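Novice: pasting the sequence and the predicted model now:
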Amino acid sequence: MPDLETDVRYIKGIGEARAKALAKLGISTLRDLVMNFPRTYEDRTQLKRIDELIAGDECCVMASVTGTPVLQHISKGRDMVRVRVSDGTGSMNITYFNQSYVRDRLIPGKTYVFYGRVGGRIGLPEMVNPVFEEETGRGATRTIVPVYRLTAGISQNMMSRAVAAGLAACGDLMPDSLPEDVRKKYSLSIARYAYEKIHFPGSAEDIEIARKRLIFEEFFVLSCALMTLREKRVANTGHPMKWDDMDEFFDALPFTPTGAQMRCINEALDDMERSVPMSRLIQGDVGSGKTMVAAACCYYAVMAGYQCAVMAPTEILAEQHANTLAAMLAPHDITVALLTGGMKAAQRRNLLTRLKSGEIDLVVGTHALISESVEYKNLGLVVADEQHRFGVEQRAALSRKGDAPHVLVMSATPIPRTLALIVYGDLDVSIIDELPPGRQKVDTFAVGEDMRQRIYAFIRKQVGEGRQVFIVCPEVEENEEAANDLKSVKEYAKELSESVFPDLKVALVHGKMKSADKEKTMAAFAAGEADILVATTVIEVGVDVPNATLMVVENADRFGLSQLHQLRGRVGRGKHKSYCILFNGSAGETAAQRLKAMCDTNDGFKIAEEDLRLRGPGDFFGNRQSGLPRMRIASFATDINLLRDAQSAAKDVLRADPELTERRNAGLKWSVDNIIEKNADGIN
Ligand code: ADP
Ligand code: MG
């Protein structure tokens, strides 16, 4: 008896050679075959009369052969069969190239269905190499035909026959990950029906029913796996912390925390009380006050007797963080230190010694903080910027050192709620969805080339008032075309400084610069040594320049909305009114719509939702997507609504049966274990 693991060679017609070819497509078992969903479909359901055919139609014609098919040799190795057919409304010429066997298969007087693309002209239509079968057949014509990904040595027909054989052999054995009640609640078809119809649908509706079930199932299993992973985080290896009095910290702040900040802090502190290491992401728009949330967590950890490490993506940012944190924590007798690459050897040695002895409570630096050479007395909390992708590997590295600290990751990239669970894998997410009071909106304008001179005048005006300006150009990338971009950003900066603003100080940073040079330039700009900073998006993860009040983005249409939002967050950080100008280099409707969304709102989440709607979710995943299992049929871009349902179903099921031990969840458990096992390292 064949089962799902049976080799494809079990199928008649598949021998060594074809099995090898199929292996190239990732198909080696019957399961793989059935799971090999069509890439698309060819709709061959339309049947037309010959007198209504128009060149370009792809349709079926039911007609009888009116003359004897004629075989002609065209040249060496090439031949053609010509035949005429008629359906009573008209006649059509059909030609087959290099299919001489057709001559004996098409019998004069008999009726066939032909499917193909119509050529010729009205009154004298023709088809070349149409598919045909007897009028009773519904195999290749008058149906919807699956179109599969192919490789050399495998034809569509062969694939479809193999899949049909695979289905017949073990379609009933396909694992069903949907508990019955979930299937009913969301009106999803049974598994067998879905597998049958996804390959061999009788109608467009069949495809829809099958797809809905399979997509839902794929999202559902992934959601269950991610949720399960979160629960499974190494229990009892963390540092349960206890400290009751946070008032002293809050009382000393120069402001009152927002409700959202308080909620996030409480969620994090609750985590840190447990012996399971925290893995929490704090997501909040630029300016929402994440630093204070981090400071509160550090305060708590230090008061409970632990050390903290705060990682920043660059050295200048580390320095800024060190200053801000010291200001908030030093009044409480907490020792904050900064570890940089530029430290003298003796200084560094001294710092490492004080870290090891526990004299330093909180150290700020780049990812070097978790490297082998840095030893702590008792590291209890790591705060990391999202850029570090502080994932499984880093946590493992820390565990190897004997620490399993709580981890708090900070992100300023708003992710639509639906995607957060997927994008952040096994991290718990807290959202700061409220800005501190009195924050002024950055006025944003989308403009065309015709406004350039006026914008230049505006730049001059801002600088004249003592303010600073960012001008951002699209990123310099690692390819040929981008070499031109690089040239253009350099040339552009040169032109600005020589011709447009010869009297102003213009600085330039781009991605191809050494990071030390970049940092130097940015630091100089932050210190007020330049009026205008021309930059590629490297400034996205930028330093705080409260005196910068104008962000100009060239070719803004080429950026993702979330990216633009990040960029805009670079201004409006001080007390001065700030502006963002978006040059739209495209005439397209979508570009205009997207940039309008930027002008309409300053709310990062609304913008993220809009970006998701207009461009799909690609931008939100970045390099994180690589950690996710490959989706076979579901798409984060087009199936968002099903993702939403699948997630809420997953929550319900896991709430009722967290370990998935109940019998009705057996199929689900199998699929979840399978996904976790195969992606153990990948998922965050
Ligand atoms: P983020 O890191 O989220 O972009 P920051 O932590 O840098 O934001 O905070 C931005 C500014 O807002 C800082 O100057 C900070 O002191 C201030 N701030 C933070 N929380 C509040 C609050 N609750 N009320 C008023 N100002 C706040
Ligand atoms: Mg910040």
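Specialist: That came through fine. Ligands and ions are numbered 1, 2, ... in the order given.

Novice: in CSV, could you pull the C-alpha coordinates for stretch 131-142?
Specialist: The C-alpha trace of stretch 131-142 is given here as CSV (Å, rounded to 0.1, in the frame of the first residue of the first chain):
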residue,chain,number,x,y,z
VAL,A,131,-5.2,20.3,-28.0
PHE,A,132,-8.0,18.0,-29.0
GLU,A,133,-10.0,15.1,-27.7
GLU,A,134,-13.2,13.3,-28.5
GLU,A,135,-16.4,15.3,-27.9
THR,A,136,-17.3,13.2,-24.8
GLY,A,137,-13.9,13.8,-23.1
ARG,A,138,-13.3,16.4,-20.5
GLY,A,139,-9.7,15.7,-19.8
ALA,A,140,-7.9,18.4,-21.8
THR,A,141,-10.7,20.5,-23.1
ARG,A,142,-13.8,22.1,-21.7
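
Novice: now that stretch: average pLDDT?
Specialist: Mean pLDDT, stretch 131-142: 86.

Novice: buried ones in that stretch?
Specialist: Residues of stretch 131-142 classed as buried under the neighbour-count rule (16 or more other Cβ atoms under 10 Å) are 131-133, 140-142. Quick note: C-beta positions are derived from backbone N, CA and C, even for glycine.

Novice: tell me the one of those nearest residue 243?
Specialist: Lowest distance from residue 243 to the buried residues of stretch 131-142 (Cβ to Cβ) belongs to residue 140, with 73.4 Å.

Novice: mind checking how far that closest one is from ligand 1?
Specialist: As for residue 140, its distance to ligand 1 is 61 Å (criterion: Cβ to the nearest ligand atom, to the nearest Å).

Novice: same check, this time on residue 12
Specialist: Noted for residue 12: a distance of 64 Å to ligand 1, by Cβ to the nearest ligand atom.

Novice: how about that residue, secondary structure?
Specialist: Classification of residue 12 by DSSP: H, G, I helix; E, B strand; the rest coil places it in coil.

Novice: burial count for the residue lying closest to it once chain neighbours are set aside?
Specialist: Excluding the flanking residues, the one nearest residue 12 by Cβ to Cβ, 6 or more residues apart in numbering is residue 165, at 6.8 Å. Using other Cβ atoms under 10 Å, residue 165 has 19 neighbouring residues.

Novice: the stretch of helix or strand residue 165 belongs to - contacts with which helices or strands?
Specialist: For residue 165, the element it lies in under DSSP states H and E is helix 156-170. When contacts are defined as 3 or more Cβ pairs under 8 Å, 6 or more residues apart in numbering; DSSP states H and E, helix 156-170 packs onto helix 30-34, strand 144-147, helix 191-199.

Novice: most packed of the ones you listed?
Specialist: Greatest average neighbour count among the helices and strands packed on helix 156-170 goes to helix 30-34 (a mean of 22), per mean count of other Cβ atoms under 10 Å.

Novice: so where's the stretch 351-500 of the chain uncertain?
Specialist: Across the stretch 351-500 of the chain, residues meeting the criterion (pLDDT under 70) sit at 386-402, 425-426, 475-487.

Novice: show me where it has helices.
Specialist: Counting by DSSP state H, counting those that start in this stretch, the stretch 351-500 of the chain has helices at residues 392-400, 417-423, 452-464, 480-495.

Novice: and the helix or strand just after the last one, what does it pack onto?
Specialist: To tie it back to what came earlier, the one meant is helix 480-495. Next helix or strand after helix 480-495 toward the C-terminus (DSSP H and E): strand 506-509. If you count contacts as 3+ Cβ pairs under 8 Å, 6+ apart, strand 506-509 packs onto helix 480-495, helix 515-526, strand 532-535.

Novice: just how off-centre is stretch 78-92 within its chain?
Specialist: Mean-position distance between stretch 78-92 and its chain equals 52 Å (Cα atoms, centre = their mean, to the nearest Å).

Novice: hmm, who's touching that stretch?
Specialist: Residues from elsewhere that reach stretch 78-92 (Cβ atoms under 8 Å, 6 or more residues apart in numbering): 49-53, 61-67, 69-74, 93-100, 102-103, 106, 112, 114, 120, 123, 125-127.

Novice: looking at these, which are in strands?
Specialist: Mapping these onto strands (DSSP state E) picks out 61-65, 70-74, 93-97, 112, 114, 120, 125-127.

Novice: can I have the buried ones of those as a PyMOL selection?
Specialist: Here is the PyMOL command that picks out the buried ones among these, judged by 16+ other Cβ under 10 Å:
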select buried, resi 61+62+63+64+65+71+94+95+96+112+114+125+126+127
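
Novice: sorry, back to before: could you pull out the buried residues of the helix holding residue 165?
Specialist: For helix 156-170, the neighbour count (16+ other Cβ under 10 Å) marks 158-167, 169-170 as buried.

Novice: could I get the buried residues of stretch 131-142 as JSON lines with distance to residue 262 and secondary structure?
Specialist: Converted to JSON lines, the buried residues of stretch 131-142 look like this (distance: Cβ to Cβ, whole Å; DSSP: H, G, I helix; E, B strand; the rest coil):
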{"residue": "131", "distance to residue 262": "68", "secondary structure": "strand"}
{"residue": "132", "distance to residue 262": "73", "secondary structure": "strand"}
{"residue": "133", "distance to residue 262": "71", "secondary structure": "strand"}
{"residue": "140", "distance to residue 262": "66", "secondary structure": "coil"}
{"residue": "141", "distance to residue 262": "67", "secondary structure": "coil"}
{"residue": "142", "distance to residue 262": "65", "secondary structure": "coil"}
